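Peer 1: no sequence for this one, just the structure:
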Ligand SMILES: [Zn+2]
């Protein structure tokens, strides 16, 4: 037990805080190291748990997203929340309803839905929530978007269900565009000086035989 506590404290000490360029109310915690994502290696693990799960921070993230989307996206009927971003999604829906956005839904309120995701990253919407996708203007909300592969697959699936994608927003993202869609990330690599992402075959840490610190996905990190 004592060893475990030392390990937890040790991990906390390794995190560095970064602030978004346009919003000093929220910060990202990142741990330097050598991490493997599904398709790349990165030199920071970005922990956004607090931003996703704590009401105060999630509300701030939603406000930031609302101002990023303003003047770019006009109509949002549905927010599709990926990677456990539902809390942010609910606050974002409130922000959009309050702000200068419209929706075409019967009851003038935004749908906030979460898809099922299978082992190869395909999305599924059960019958009960399909009506929130088909023919709707869909905003996709992500925790992080660092490589386009998973995101591209998600976008394709939303289109299979007849959704019209109007934009993509993320808590942290390295891209401003994927295919024909605009991406609006709250935090970008500019907010994390020194952040690098590598193709696994070209990773300088691997070339120096530095072991992987942990494996990262949309839900968090697992130390090796
Ligand atoms: Zn590597």
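Peer 2: Thanks, I have it. For clarity, every value in this text was computed on a predicted model and none was experimentally measured.
Peer 1: what packs against the longest helix anywhere in the chain?
Peer 2: For the chain, the longest helix by residue count, based on DSSP state H, is helix 55-69. Other elements packing on helix 55-69 under the criterion 3 or more CB pairs under 8 Å, 6 or more residues apart in numbering; DSSP states H and E are strand 23-36, helix 49-53, helix 86-98, strand 164-173, strand 181-187. Heads up, the C-betas are built off the backbone N, CA and C, glycines and all.
Peer 1: ok, now with 10 Å
Peer 2: With contacts taken as 3 or more CB pairs under 10 Å, 6 or more residues apart in numbering; DSSP states H and E, helix 55-69 sits against strand 16-20, strand 23-36, helix 49-53, helix 86-98, strand 137-145, strand 164-173, strand 181-187.
Peer 1: Surely residue 118 and residue 154 touch.
Peer 2: No. Using CB atoms under 10 Å, residue 118 is not in contact with residue 154; the gap is 11.6 Å.
Peer 1: Look at these two and report which has more neighbours.
Peer 2: Between residue 118 and residue 154, residue 154 has the larger neighbour count (other CB atoms under 10 Å), namely 22 against 10.
Peer 1: Give me the spatial nearest neighbour of the more buried one, chain neighbours excluded.
Peer 2: Among residues not flanking residue 154 along the chain, residue 123 sits closest, at 5.5 Å (CB to CB, 6 or more residues apart in numbering).
Peer 1: Close to the ion: what parts of this protein are there?
Peer 2: For the chain, the residues in contact with the ion (CB under 5 Å from the ion) are 41, 203, 205, 206.
Peer 1: hmm, try it at 6 Å
Peer 2: Residues of the chain lying close to the ion by CB under 6 Å from the ion are 34, 41, 200, 203, 205, 206.
Peer 1: hang on, the last one packs against residue 34?
Peer 2: Translated: residue 206. Yes. With contact defined as CB under 10 Å, residue 206 and residue 34 form a contacting pair (7.8 Å).
Peer 1: which neighbours do the two share?
Peer 2: Between them, residue 206 and residue 34 share these contacting residues under CB atoms under 10 Å, 6 or more residues apart in numbering: 41, 198, 212.
Peer 1: Highest neighbour count among the residues you listed?
Peer 2: residue 41 leads those on contacts (other CB under 10 Å) with 21 neighbours.
Peer 1: Can you say which of the helices and strands packed on helix 55-69 is packed in most?
Peer 2: Comparing those by mean neighbour count (mean count of other CB atoms under 10 Å), strand 137-145 comes out on top with a mean of 25.
Peer 1: Relative to that strand, what are the paired strands and their orientations?
Peer 2: When sheet partners are counted by DSSP bridges, strand 137-145 sits next to strand 78-81 (parallel), strand 164-173 (parallel).
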